[in-house]
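Novice: Build me a model:
(2 chains)
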Amino acid sequence: MAIDFRDKIYILDGAMGTMLQKAGMNPEETTTQFGLKHPEIWYDIFTQYINAGADIIYAGTFGINKFKADELDMSLEEAVVCAMNVADRARNEASKASGRDVKIALGIGPLGELLEPMGTLTFEEAYDAFSQIVNAGKNCGADLVVIETMTDLYEVKAAVLAVKENSKLPVMVSMTFEENERTFTGVSLEAMALTLEGLGVDAMGINCSLGPVEILPMARKLRSLTSIPVFAKPNAGLPDPETGKYDISCDQFIDTMKEYIDCGINMVGGCCGTTPEYISGIARYRDSLVQKPQKEESIKHGLRICSSTDVVTVDHVTVIGERINPTGKKRLKQALLEKDFDYILNQAIEQIDAGAEILDVNVGVPSLDDVEMLPEVIKKLQSVTGLPLQIDSSNPKAIEAALRVYNGKAIVNSVNGEPEVMDSIFPIVKKYGAAVIGLTLDSAGIPDKAEDRFAIAQRILDKALEYGIPREDLIIDCLTLTVSAQQKEAGETLKAVRMIKDRLGLKTALGVSNISFGLPMRILVNRTFLAMAMECGLDLPIINPNDEDMMSAVFAFNVLKNVDENAVRYIERYGDCQPEISKTVKKRAADSSDTSSYSDSDIFYCIEKGMKADTVAAVKKLLENHSEMELVNDFLIPALDNVGQGFEKGTIFLPQMLQAATAAQAGFDIIKTRLAESDKESVSLGEVVIATVKGDIHDIGKNIVKVIMENYGYKMIDLGRDVPSEKIVETVVEKNIKLVGLSALMTTTLKSMEETIIAVKTAAPDCRIMVGGAVLTADYAEKIGADFYCKDAMKSVEAAQEVFG
Amino acid sequence: MNIDITEPISRKRWLNALGAGDKDDYSLIARLDKAEKILFESAKPKAVYRVMNRKDVRVEGFSLQKHLEGCHKVAVMALTLGIGVDNAIRKMQISDMAEAVIMDSGASVLVDSLCDKFEEYIRNNVDEYVTSRFSPGYGDSPLRMQKSVISYVDGQRKIGLNVTSSNLMIPRKSVTALIGLSEHPVTGRLATCGECVLKDKCTLRKEGKFCGY
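Specialist: Numbering: from 1, shown residues only, chains lettered A, B, ... in the order given. Modelled structure (predicted):
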């Protein structure tokens, strides 16, 4: 059923909504409702478009999905079949008359519910919703599927996977862009091109929102960004905000569309405001062409990685942050086991602020199921950062689960020269269109000699190409060994990097810091090795970006290699800095002065004023003479109490209280890290489940309560927003929870709060419930069965103190 | 259409929204500056309106009916700061909750002041007399109106404004409203406390205040 869209110039159809309005659709009706009610009008419009020259028509299934099911007075499946049948009938009749081959596309539009993290729909739910449409429509004469008018790349990915996994139909995707060349959700043309080409769609394009004049430069750009066919369906110009009329004529539209065809955009049609007249004009031009226009050469871009918003082109030394990896980091390991995502996300944000361009993500803790955990962490990370991610695991199942939910083009770390490993991981890399790191080792271990490592790299490359993975998407890691144990091999690693670079032209990665294990002043060895490796052609050092000594070497190198033009990035970073001569000596001096300056500082003052760094220093100092628990009970909590009292009295306001809490939190984190490292029990005065109830998506108030309560030593299990009562009950029962906090911000969701309280009380009668939110009152809280009404975050601490003593 | 941000966020309204009153706290003022910078970088305000016949607009609730009394047309408007603001606030909640709360309330003040500006723009573009704006969920008008109001202006496609199944708008910092148009001078009418869905729960009312101007 494959279609080669490269074989000719395809004319697509024009607007459906515009035509239905002309046929008498009223403002209260959707196009789906009107079309299903008047199939003969649909039929007539399709016939007009086919007669105008359209080679592909979009069936009227665009607005049908389970979230819009209440628009229908039949089942979703029946509606899809009905819409497809009309298009099929029109195609058959018209083709019979004209002898032309006309194709029908099953049209898929946005679900109307936003996916996480913007909305609350999960990726998996979106996938299921799209699968339902594909399964309903694939056997009703569809030649292909078109996914159009999309603004969220994540939603597109769910739809593409649904098409590919439930049918063999070719798939075209078009997204809607604004003048700034981004969609409403921030997707760039380049991120779209990279991700969709990786997923193996058959054509990609732009539709709706703007006119042909505005879209043309974007369409050209898209043409240069991908090697697959590109299509465009612009609106009939820009609408007048007062009258809704479009600002260009049919002739102007057609004239501009000619330019699309001339520059190799070989599939063209129209969106809102266009009619069969517009389409026949484009078709006439196509027919007048003696020879097919030459496609503009798509430029080779080398290795590029992306999220839905940010693209990283690896044409300079690009730092991969290594911090999200629990190996040797007990605090992170603990955070992973406790699902303390805030800690993990903070690790990410720190690395981003330090200048990492890609983040490595490894959740390898022996007792943890990485098939479940890796995608969960990926989802959390992409909710707060647009930095591209590197999925670090050796478990093919975990890699696939993570790649599936990743929004963009990721790197997989890693495969090696073992055939079984490549055979299990390369198909996944290919399916999801990722880049991949190959380690130069196999069952015999890491070869000593550079030549042998090179041979493994060559083998990995051959295999990758066999699987259809583009050459530029393969990265080789020649492996750093510890110089104190294998001194000769450091040189071999570097030599191998150079060979890979020179002879295979592949990008290279290296984890750098292993080199210095067991030596004093490791940074000196690390930094020197990094500089040597970069000179040999290292592109992607995997390092700790918080280590400025390493980062500075990278920034300086990019200047010296004439990559950072005019030293712009270097100056931006170091323009205001002073040199520190003889840093090792100076650091020791600074350490002692730190001690003296903080010995007098008052932790109470630091917390009240929200001084984060000073609080950390004060905590470290106090820990010399106090146990962790003493510090919590005698200093941190009393300090927070002072702030809380000020808040009650109205002398301290919410932002100041939160600022104080943030400072205290930094102090707590020092304690948690110390406890984790010494394998002691972490501080917890009690476990509390907290959630915003079903139907409500306000979560800032809930998060405030979470932060404050955490500071008082409670372990908070945050179930998020829009949480069904079943999930709350399940958690309460499973973990034997004694206190639940529920938040609702709207009168309409108080009902859902009441239902949740009843469900929890039924399943766990001795679990107490505290509630809060702008529309609640003490009376109402009591009426719906809550045990505590908390008008602010301090009140929730009091409630917890009552419950846990 | 894109809406330009031409003025700083009113510090007075912002501090009020934070409940910080008129207290002079230099570190707080500095935090507002930082929050404003991030908000201005992440906001891409867009708005759309459409003039419709009164009879084509489904009006629910007594207070809105009263508001539109004597109007033969209605300007339906929608304005959003864009999803970038939601993303920035979400991210800030991870590293600095205090700053996130400040951004959240600053964004609310900003969206409100941009609505004032857009309302003014509409007023200048129509020939009729106009009422003030009235948003779904206010008084006794049910929030479920949100869905049809957004579809009237094709909000999802025109400005990227979505509505969840529980009638909440995403991006979060968005406003929809109805403005009555009439051949004769009209003022519209604010809902009374008696009509309001919040009448038993309103904190302002308990303090003896009224949400109207």
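
Novice: Tell me the first helix or strand C-terminal of the lowest-mean-pLDDT helix or strand in chain A.
Specialist: In chain A, the helix or strand scored least confidently by mean pLDDT, DSSP states H and E is helix A:583-599, which has a mean of 42. Sequence order places helix A:603-608 as the next helix or strand after helix A:583-599, per DSSP states H and E.

Novice: could you list every residue that touches whichever residue of the stretch 101-250 of chain A sits closest to chain B?
Specialist: At 2.9 Å from chain B, A:Phe184 is the closest residue in the stretch 101-250 of chain A, using CB to the nearest CB. Bear in mind the C-beta positions are built from the backbone N, C-alpha and C, glycine included. Neighbouring residues of A:Phe184 by CB atoms under 8 Å, 6 or more residues apart in numbering or on different chains: A:151, A:176, A:178, B:82-83, B:159-160.

Novice: And B:Gln156, by the same measure?
Specialist: With contact taken as CB under 8 Å, 6+ apart, B:Gln156 is in contact with A:110, A:112, B:150, B:162.

Novice: A:Lys339 now?
Specialist: By CB under 8 Å, 6+ apart, A:Lys339 has no neighbours at all.

Novice: residues of stretch A:623-632 that come out buried?
Specialist: Neighbour counts over stretch A:623-632 (16 or more other CB atoms under 10 Å in any protein chain shown) mark A:623, A:628, A:631-632 as buried.

Novice: closest to chain B among these?
Specialist: Looking across the buried residues of stretch A:623-632 and measuring by CB to the nearest CB, the closest to chain B is A:Val632, at 19.7 Å.

Novice: quick one: buried residues of the longest helix that chain B contains?
Specialist: For chain B, the helix that runs over the most residues, judged by DSSP state H, is helix B:97-125. By neighbour count, with 16+ other CB under 10 Å as the criterion, the buried positions of helix B:97-125 are B:97-115, B:117-119, B:122.

Novice: For the residue most central in space within chain A, identify the helix or strand it belongs to.
Specialist: With distances taken as CA atoms, centre = their mean, A:Gln382 lies nearest the centre of chain A, 3.6 Å away. Counting by DSSP H and E, the element that carries A:Gln382 is helix A:370-384.

Novice: Please see if the helix or strand just after that helix touches chain B.
Specialist: Proceeding N to C from helix A:370-384, the next assigned helix or strand is strand A:389-392, under DSSP H and E. No - counting by CB under 8 Å from any CB of the partner chain, chain B is not contacted by strand A:389-392; separation bottoms out at 15.4 Å.

Novice: and strand A:389-392, which strands flank it?
Specialist: Strand pairing for strand A:389-392, using DSSP bridges, gives strand A:358-361 (parallel), strand A:411-416 (parallel).

Novice: which one in chain A is furthest away from the centre?
Specialist: Chain A, farthest from centre, CA atoms, centre = their mean: A:Ala97 at 49.0 Å.

Novice: Now do the strand or helix carrying it: distance to the chain's middle.
Specialist: Taking DSSP H and E as the definition, one finds A:Ala97 inside helix A:76-98. Using CA atoms, centre = their mean, to the nearest Å, the mean C-alpha position of helix A:76-98 is found 38 Å from that of the whole chain.

Novice: So for it, what gets flagged as buried?
Specialist: Of the residues in helix A:76-98, A:76, A:79-91, A:94 count as buried by neighbour count, 16+ other CB under 10 Å.

Novice: Next: stretch A:271-287.
Specialist: A:271-276, A:278-283, A:285-286.
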